[in-house]
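**Q** Task: produce atomic coordinates for the following.
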Amino acid sequence: GANFENVLIKIIDMENEINAEIDRFIDKKHQMINQIQNLDNTKYIQVLYKRYVEYKRLEMVACEMAYTFQYVVLLHGQALKDFEQNFL
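**A** Residues are numbered from 1 along each chain as shown. Got it, this is the predicted structure:
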């Protein structure tokens, strides 16, 4: 009886906490996407979107953009600086 009810209440509370965390994550992700898309440099947008929204490694980004890995690393660093100056 009572133990089952307590366990059930705890499960429901945990589900609510998980759902709230998911909602916060989705809101942050949408905010980040909007901020990335508001950058002026399209290469920066592409690199940051692929890396932080699509969760791709920089090696894959370089391959998809047909750039060398070293250039993408440089571009990524510049894009992060631009992002930081605009939004942090």
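**Q** Now do the buried residues in the longest helix seen in the chain.
**A** With DSSP state H applied, the helix covering the greatest number of residues in the chain is identified as helix 2-37. Using 16 or more other Cβ atoms under 10 Å as the burial criterion, the residues of helix 2-37 that qualify are 32, 36. Bear in mind the C-beta positions are built from the backbone N, C-alpha and C, glycine included.
**Q** which other helices and strands contact whichever helix or strand comes after it?
**A** Following helix 2-37 in sequence order, the next helix or strand is helix 42-52 (DSSP states H and E). In terms of contact count using 3 or more Cβ pairs under 8 Å, 6 or more residues apart in numbering; DSSP states H and E, helix 42-52 is assigned the packing partners helix 2-37, helix 58-65, helix 69-87.
**Q** Make JSON lines from those helices and add mean pLDDT to it.
**A** Supplementary listing: the helices and strands packed on helix 42-52 in JSON lines, determined by pLDDT from 0 to 100:
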{"stretch": "helix 2-37", "mean pLDDT": "95"}
{"stretch": "helix 58-65", "mean pLDDT": "98"}
{"stretch": "helix 69-87", "mean pLDDT": "96"}
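**Q** ok so, going back, now do the longest helix of the chain and helix 69-87, the angle between them.
**A** Between the axes of helix 2-37 and helix 69-87, defined by axes from the mean of the first three to the mean of the last three Cα atoms, to 10 degrees, the angle is 100 degrees.
**Q** what's the angle from helix 2-37 to helix 42-52?
**A** Taking the same axes, to 10 degrees, helix 2-37 and helix 42-52 form an angle of 160 degrees between their directions.
**Q** Could you name the helices and strands sitting against helix 2-37?
**A** Packing partners of helix 2-37 (3+ Cβ pairs under 8 Å, 6+ apart): helix 42-52, helix 69-87.
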